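Colleague: sequence isn't available, so here's the structure alone:
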């Protein structure tokens, strides 16, 4: 398999940029978006293996983005990442077809592991 | 972690990764299952225990459990390719219930004030049942409702939302639980002072002023400002007399009186009472009534039926000159009349004429008919002879109990006799004199409360009282209602009780027979049980999961199924799942995740004990196969034990018993075993790692469930604890869940303990049935430790 193409979506730039830098050091190609609309624009022009999406964002939230992605780009796996431990959001996310639901803070290795599996699963399907 | 896996056909790196992920998710489910069950057991202990608990303290635990269970459900679905998505719905529904229970009190919708004349019973949620009923009876039974209005719960939420008052109020329950009853009065005083000093929001104040102006156009009418909390006056929790009423309030003092009544919801007595009842402050939102003062010639309380005989056609009326408030508080001996409808009262009343008595009786019957159950009515008659009903609420009837057998009291000196039965029953304990709040704070468990006057403040300690005796007091008073609610035997109006009973002396109070004898003849069966919302017996399907506990059990059950099912379908040429062909009364399926079974049998449908290469499984099996444990012979099972087991299980067998029968599962590798069995009526699990590096070695053993009664389960747990302690395990017991762990022992020591555990697993199969009395746990523990396994 080629280089993994990852989309990071989070309204917190302070989280986004360091995470992108760390993932790229591990050999992933990362694009970032700071809102759901941003993410949809990028998805319209590039192909991604996996998107790591923050659940709580102003405007279009992570669940809505997930819903639209499953409709339009089902080949891109979605990993939800949230700082807010909520059963309701977790259940909704999994029902909408998220590959995984992770809680912040997340270990880089765990995230990498999940992203690789998500991408592998998405490619096989 | 997988140990040595042999390369084979189709055994790709991807498949190995899949196995590793499965194994990790499986382990995660198990770990969460353990921690969640412990959490739930801990919460249940609080809910079921004799000690009251602060709901807030439970909240964090329940939320954590819910989130952990979500992860379990997610893991299971990821393992089982979303075969159990129904669990998400069940979890979502439960979570919504929890949110409703724990979520912030929403802004209550509705008007801030409502005139009594337009109130109906349906308004109880916003005006409190007391005021709602008042509006309901006006015009219905030919009664005059006093003029006035209700200040709604929407208003109190607005009021308390300011200045974090609400948060401070809610914290009081925590104070009670964490710091004890001694700390409560001071904390309550502080909160009440803050409420009394807080400004009433301008819109609420304006609404109150306008309502007053509308109801009392003269402008100088005095009003009574009284509590009308939501849930107050309900049958199961009357809150009788716990909240304040301010009388003769002039227009310019309305807001002060309002604050004062709202603050009374946070007196030490009220907080302790709600705590006892399992109610939170938000379940007792305080609506307040402003009612025009009646200047009564006489007033009183009546029960539309005798509380101790609700079938009888009689009305019990207590009356006193002037206001009835003092009567309700129990400060006076009232005039008491039992009036039979249609019949003349034989003993004439000094306060009420025959005509007034007839009217009261008619009103009592009318209210009873209107509300469909016996009523507890507060009334007043003014100097013009107008009858007003001040409140009408469901009557707390006295549960019928038979007096104890006479011989219990035969030959005993009767210390005192007389008074009125406020709540029947018998209680024994040391005499504790209560002459103020301080004495209540120190009140010991199981004491007999003796006081000059009856007081609703006794509600604070009723859950610890063996009995209550007062010199003065009326069986129609507030305290009497509370005693009946709490089921505390109580005699009131027993003249000379405080003089005759010496503190510390053991007495037995026969409240039914209204007498007190020397000595402790019996002890009160302690505690009330609360049905735990976490442990209903479910249908064993996702939709049938009605509690977090159910979901946990379901996931735990299914995760094994998935592991074994997956073994069958993962690869056609290898069968990871096999049946263990051993001489045991269990069907054991084994699933090898690497190096647990000899290579030649890796694809076999059945394996024999000698094919097992997993070190811990070999040891455990050796113990289970101990030839001196004769499970195959009929044993002298006590009939009592059998009936006890049978009875409980007929009442409602645990889901795991109905569902699974006797399947046991072992997931093993060369150094790891997870063995779970449902032998008999219980669940037991052994999770263990046994290798050469001592620090990694562990045995975790858990045992729970069981079909027998509580006594037998407790004895069983005691027996197992004793044995496991002696085997160096660290044992923890929560309810009927026993967990034992042994960490970082050497390879050989761990192995030896697994042999012991195998034997114990077999010996404990029918342990409930052997636990006939309190000597049995020690007897069987000793037998086991002396290697006398044939005794089981």
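Modeller: Right, received. Where do you want to start? These numbers come from a predicted model, not from an experiment. Residues are numbered from 1 along each chain as shown, chains lettered A, B, ... in the order given.
Colleague: for chain B, what are the nearby residues on chain A?
Modeller: Residues of chain A lying close to chain B by C-beta under 8 Å from any C-beta of the partner chain are A:85-88, A:90-91, A:94-95, A:101, A:117, A:120. C-beta coordinates here come from the backbone N, C-alpha and C atoms, glycine included.
Colleague: redo those residues as a markdown table? Include secondary structure and pLDDT.
Modeller: What follows is the residues of chain A next to chain B, written out as a markdown table (DSSP: H, G, I helix; E, B strand; the rest coil; pLDDT from 0 to 100):
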| residue | secondary structure | pLDDT |
| --- | --- | --- |
| A:85 | coil | 76 |
| A:86 | coil | 83 |
| A:87 | helix | 88 |
| A:88 | helix | 85 |
| A:90 | helix | 91 |
| A:91 | helix | 91 |
| A:94 | helix | 92 |
| A:95 | helix | 89 |
| A:101 | strand | 93 |
| A:117 | helix | 85 |
| A:120 | helix | 81 |
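Colleague: so how far is residue B:414 from the nearest residue to residue B:413 once chain neighbours are set aside?
Modeller: Of all residues not flanking residue B:413 in the chain, residue B:518 sits nearest, at 5.3 Å (C-beta to C-beta, 6 or more residues apart in numbering or on different chains). Note on residue B:518: its distance to residue B:414, by C-beta to C-beta, to the nearest Å, is 9 Å.
Colleague: before we move on, back to that, quick check, pLDDT for the residue nearest to residue B:413.
Modeller: pLDDT for residue B:518: 82.
Colleague: how about residue B:277?
Modeller: 68.
Colleague: cool, residue B:421 as well?
Modeller: Looking at residue B:421, its pLDDT reads 85.
Colleague: what does the one 3 residues further on give?
Modeller: At residue B:424 the predicted local confidence, pLDDT, stands at 80.
Colleague: what does residue B:161 give?
Modeller: For residue B:161, the model assigns a pLDDT of 80.
Colleague: just checking, what packs against the helix or strand harbouring it?
Modeller: For residue B:161, the host element (DSSP states H and E) is helix B:153-161. Where contact means 3 or more C-beta pairs under 8 Å, 6 or more residues apart in numbering or on different chains; DSSP states H and E, helix B:153-161 is packed against helix B:124-137, helix B:165-179, helix B:202-215, helix B:254-264, strand B:286-292.
Colleague: least confident of the ones you listed, on average?
Modeller: Looking at those, the bottom one is helix B:165-179 with a mean of 76.
Colleague: now that helix against helix B:254-264, angle please.
Modeller: 30 degrees (axes from the mean of the first three to the mean of the last three C-alpha atoms, to 10 degrees).
Colleague: how far out from the middle of the chain is helix B:165-179?
Modeller: Relative to the centre of its chain, helix B:165-179 is centred 19 Å away, using C-alpha atoms, centre = their mean, to the nearest Å.
Colleague: circling back to that earlier point, correct me, but the residue nearest to residue B:413 touches residue B:428?
Modeller: No - when contacts are counted by C-beta atoms under 8 Å, residue B:518 is not listed as touching residue B:428 (10.5 Å).
Colleague: overlap in contacts, these two.
Modeller: Here residue B:518 and residue B:428 have B:506-508 as joint contacts, going by C-beta atoms under 8 Å, 6 or more residues apart in numbering or on different chains.
Colleague: give me the buried subset of these.
Modeller: Among the shared contacts of residue B:518 and residue B:428, those scoring as buried are B:507-508 (criterion: 16 or more other C-beta atoms under 10 Å in any protein chain shown).
Colleague: which residue does chain A have closest to chain B?
Modeller: As assessed by C-beta to the nearest C-beta, chain B sits closest to residue A:87 within chain A, at 4.3 Å.
Colleague: which one is that residue nearest to, not counting chain neighbours?
Modeller: In space, residue A:87 comes closest to residue B:95 once its chain neighbours are excluded; the distance is 4.3 Å by C-beta to C-beta, 6+ apart.
Colleague: contact partners for that neighbour?
Modeller: Residue B:95 neighbours (C-beta under 8 Å, 6+ apart): A:87-88, A:91, B:66.
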